[in-house]
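Trainee: just need the structure, nothing else, for what follows:
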Amino acid sequence: MNRAKRGVKDMVIQAAKNIFANYGFRKTTMNEIAKAMHMSKGSLYYYFRSKEEIFEAIVEQEFRTLKADIVQAISAVHSPQEKLRAFFHSRFLGMQKATNFYKAVIEEYFDYFSYIEGLRKALDIQEMKIINDILNEGVKTGIFFVNSVEATTMALRAGLRGIEYDFLIVKKNFKQLVKIQDLILNTFLNGILKR
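Mentor: Numbering: from 1, shown residues only. All right, here's what the predicted structure looks like:
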């Protein structure tokens, strides 16, 4: 895809994201997206075949951005403890950034459950690898004592998903959940730090 077409597609994605966030997926039409872009509906169809395709592009972009933010945060620190903190915090901040969009579409989530779950599974695999690598680094350098890196990775990921569930579905206060996340991480780190 040439750069100009990619640029227009990115602008469509951003415009549609704002409209979906304000009106939800069901109430948004291709006409509204085209109008926001100051283009005809026919021109919009040159870039995307449907609003479903635009929605999928938005979700994919969110996942890519989240992964890039996590990798950048981890690469900015050095010790395994700092890397775990950076992972948890950047993951959670990424969720907060996407909150308005997710709140608008959460009711419609189950219509796209299989598609989004496919992306989430890919992200889960990547996140499990990141956690696993950090834990292995900590064990290798003698900073962590872990009986099973795989089981510990799964436990950390489960804790992260629980906090995510409270934030997105139960809609608990973000600041309160950050404190809970820090408490969980501190408890975890105090339990695995080699003495």
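
Trainee: pull the longest helix from the protein.
Mentor: helix 113-140 (DSSP state H).

Trainee: give the other helices and strands that that helix contacts.
Mentor: Contacts defined by 3 or more Cβ pairs under 8 Å, 6 or more residues apart in numbering; DSSP states H and E place helix 113-140 against helix 51-75, helix 80-97, helix 149-165. Using the backbone N, CA and C atoms, a C-beta is placed for each residue, glycine as well.

Trainee: tabulate those (TSV), appending mean pLDDT and mean neighbour count.
Mentor: Output for these, formatted as TSV (pLDDT from 0 to 100; neighbours: other Cβ atoms under 10 Å):
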stretch	mean pLDDT	mean neighbour count
helix 51-75	89	17
helix 80-97	86	19
helix 149-165	82	15
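
Trainee: could I get those as JSON lines with distance to residue 140?
Mentor: Below are the helices and strands packed on helix 113-140 laid out as JSON lines (distance: least, Cβ to Cβ, whole Å):
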{"stretch": "helix 51-75", "distance to residue 140": "16"}
{"stretch": "helix 80-97", "distance to residue 140": "9"}
{"stretch": "helix 149-165", "distance to residue 140": "10"}
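
Trainee: before we move on, back to that, and the angle for the longest helix of the chain with helix 149-165?
Mentor: Angle, helix 113-140 to helix 149-165, by axes from the mean of the first three to the mean of the last three Cα atoms, to 10 degrees: 130 degrees.

Trainee: pLDDT averaged over helix 113-140 - what is it?
Mentor: Taken as a whole, helix 113-140 has a mean pLDDT of 85.

Trainee: tell me the gap between that helix and the middle of its chain.
Mentor: Relative to its chain's centre, helix 113-140 lies at 12 Å (Cα atoms, centre = their mean, to the nearest Å).

Trainee: follow-up on the earlier one: for residue 37, which of the helices and strands packed on helix 113-140 is the nearest?
Mentor: helix 51-75 (10.9 Å; Cβ to Cβ).
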